[in-house]
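Enquirer: pasting a predicted model and its sequence here:
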Amino acid sequence: MKIETYLIVLLSGLTLVIAYPMEPDTYYCGGKPADVYFLVDTSTSIWGIDFLKQLDFIANVIEIFDVNPDRTRIGMGLFANDFYPQFSFKDYTNKSEIIQVVKKTEHRLGGTYTAKAIRRMREEAFAPNVARQDVAHIAIILTDGKSMYPEKTAAEAKLTKDKGIYIFAIGIGMKISMSEINNIASESEDPKAKFAFHLADFDALASIQNILAIKTCLIVPKDQPRCPTTKDSDIIFAVDPLVMGDVRTNIIKEFIANTADQLDVGNNKPIRIGVFINNCPSSKDIHLNAYQDKYALMQQLRSNDHVIENHILRKVRRRAFKRSNGGRADARRLVVTFLDGPLENPKDVFVEAQKIRKFGADIFVIAIGNEVQEDELKVLASGKPKEHIFRVTNYETLKTAFNDFVDIICEFL
């Protein structure tokens with residue numbers, strides 16, 4: 001006996017009902033291992049009874065998954081004025097227990113601050129020390145209205161997808177902006193691989209639960225480097241907290257972590273990344289061979305505090321590419337440094353930069369803001385300025401500029 005699942009989609013004022021015949025034995029999906037996170041709108045516009053329908057939908061989708069620590073893990077958060085995490089991938093491993101927790105979730109009230117919720121989900125729920133790094137990362141977002149800041153929502157969704165997280169976006173009701181739902185959702189060249197849904201009302205959630213679960217089960221991990229290469233490259237990032245300050249240094253460290261996430265990084269990979277922070281000898285630099293994979297590097301960048309000394313390029317020249325610190329004799333050598341104003345001792349810095357270049361390394365400069373001196377940039381950077389100087393207008397822009405920077409250095413890897 002075949003069971004038909006009906007998908008109700010509202011397009012240009014017309015309600016389409018599409019039947020998907022499925023064999024009963026395809027309903028239970030073991031699939032590949034995955035970490036699946038439900039991000040659920042709990043704003044004031046959603047009535048209590050409709051909020052419960054969302055919870056029933058989530059419980060029914062979870063029922064289809066093969067939930068256990070080695071297969072599918074589940075997390076869940078709510079959003080309105082803020083992001084309200086309910087449980088993480090590590091909290092529960094028993095399917096029945098998860099479903100009970102889901103059904104007991106309390107309805108909150110507030111606005112639709114979707115951008116904030118997506119950002120915190122990405123940073124917290126899918127943090128390297130929470131989500132597994134060798135499985136598919138999937139977010140399922142349910143909402144009934146336009147977000148408070150659609151442009152920010154689209155930007156945060158893009159950052160999330162760039163990190164390798166697949167997003168299913170489900171818009172419910174007549175107040176939905178389908179263009180925003182499409183901006184949130186992942187894309188696919190396969191027209192059958194649908195990530196965006198628009199349902200007429202909350203009752204229609206039941207019509208897509210099996211389809212959504214099956215699609216989720218078929219997703220494979222997304223960890224393809226932005227610029228694949230087989231040539232060895234050693235990249236050193238040089239950061240000076242004495243000049244930048246703690247807040248800006250943390251933004252730079254996050255930028256480096258996101259850059260590493262786009263590359264094929266690791267001790268047994270083509271690319272190794274080291275990070276030298278201008279600090280006292282007792283503090284830890286990150287050498288090229290410090291971590292086996294990029295995820296441990298990213299976690300360290302996001303958690304490590306550093307103290308201060310001086311002359312970061314001198315330290316890079318003397319220590320960074322040593323064999324004992326992971327340097328490889330035949331690897332391409334790149335040094336990336338950051339400037340947001342005039343150099344304090346430009347002559348000394350230029351001497352160190354020249355020595356680094358004689359050592360066979362290219363120097364790239366990331367220029368932040370409009371207070372950087374053009375003549376200093378041209379002396380500090382290697383080669384043609386257009387190829388070795390990467391400019392951003394401010395630190396806020398730097399947060400999302402890592403893909404563009406990766407595209408530039410890919411030419412040299």
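Expert: Everything's here; your move. Numbers count the residues shown, from 1 in each chain.
Enquirer: so where's the stretch 301-413 of the chain uncertain?
Expert: Scanning the stretch 301-413 of the chain for pLDDT under 70 picks out the ranges 303-311, 385.
Enquirer: where exactly do the helices run in it?
Expert: 312-315, 346-358, 374-380, 385-388, 395-398, 402-409 (DSSP state H, counting those that start in this stretch).
Enquirer: next: the stretch 151-300 of the chain.
Expert: Per DSSP H, counting those that start in this stretch, the stretch 151-300 of the chain carries helices over the ranges 178-184, 209-218, 241-244, 246-261, 294-301.
Enquirer: quick check: next helix or strand after the worst-scoring helix or strand of the chain on mean pLDDT?
Expert: Ranked by mean pLDDT, DSSP states H and E, the helix or strand of the chain with the weakest confidence is strand 14-22, at a mean of 32. Once the chain leaves strand 14-22, the next helix or strand it forms, by DSSP states H and E, is strand 34-41.
Enquirer: if we can go back for a sec, so can I have JSON lines of the helices of the stretch 301-413 of the chain showing distance to Ile167 and mean neighbour count?
Expert: C-beta: built from backbone N, CA, C; applies to glycine. Shown next, in JSON lines, are the helices of the stretch 301-413 of the chain (distance: least, Cβ to Cβ, whole Å; neighbours: other Cβ atoms under 10 Å):
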{"stretch": "helix 312-315", "distance to Ile167": "38", "mean neighbour count": "21"}
{"stretch": "helix 346-358", "distance to Ile167": "42", "mean neighbour count": "16"}
{"stretch": "helix 374-380", "distance to Ile167": "38", "mean neighbour count": "15"}
{"stretch": "helix 385-388", "distance to Ile167": "34", "mean neighbour count": "15"}
{"stretch": "helix 395-398", "distance to Ile167": "23", "mean neighbour count": "16"}
{"stretch": "helix 402-409", "distance to Ile167": "17", "mean neighbour count": "17"}
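Enquirer: would you turn those helices into TSV with distance to Ala117?
Expert: As requested, the helices of the stretch 301-413 of the chain are arranged in TSV below (distance: least, Cβ to Cβ, whole Å):
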stretch	distance to Ala117
helix 312-315	37
helix 346-358	43
helix 374-380	39
helix 385-388	38
helix 395-398	19
helix 402-409	22
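Enquirer: nearest to Val101, of those?
Expert: helix 402-409 (35.7 Å; Cβ to Cβ).
Enquirer: what is that closest one packed up against?
Expert: With contacts taken as 3 or more Cβ pairs under 8 Å, 6 or more residues apart in numbering; DSSP states H and E, helix 402-409 sits against helix 246-261, strand 361-368, strand 389-392.
Enquirer: among those, which comes closest to Val406?
Expert: Closest among the helices and strands packed on helix 402-409, using Cβ to Cβ: helix 246-261, at 5.9 Å.
Enquirer: hmm, who's touching that closest one?
Expert: 162-164, 237, 239, 241, 244, 273, 275, 277, 294, 297-298, 301-302, 304, 306, 338, 340, 395, 398-399, 401-402, 405-406 (Cβ atoms under 8 Å, 6 or more residues apart in numbering).
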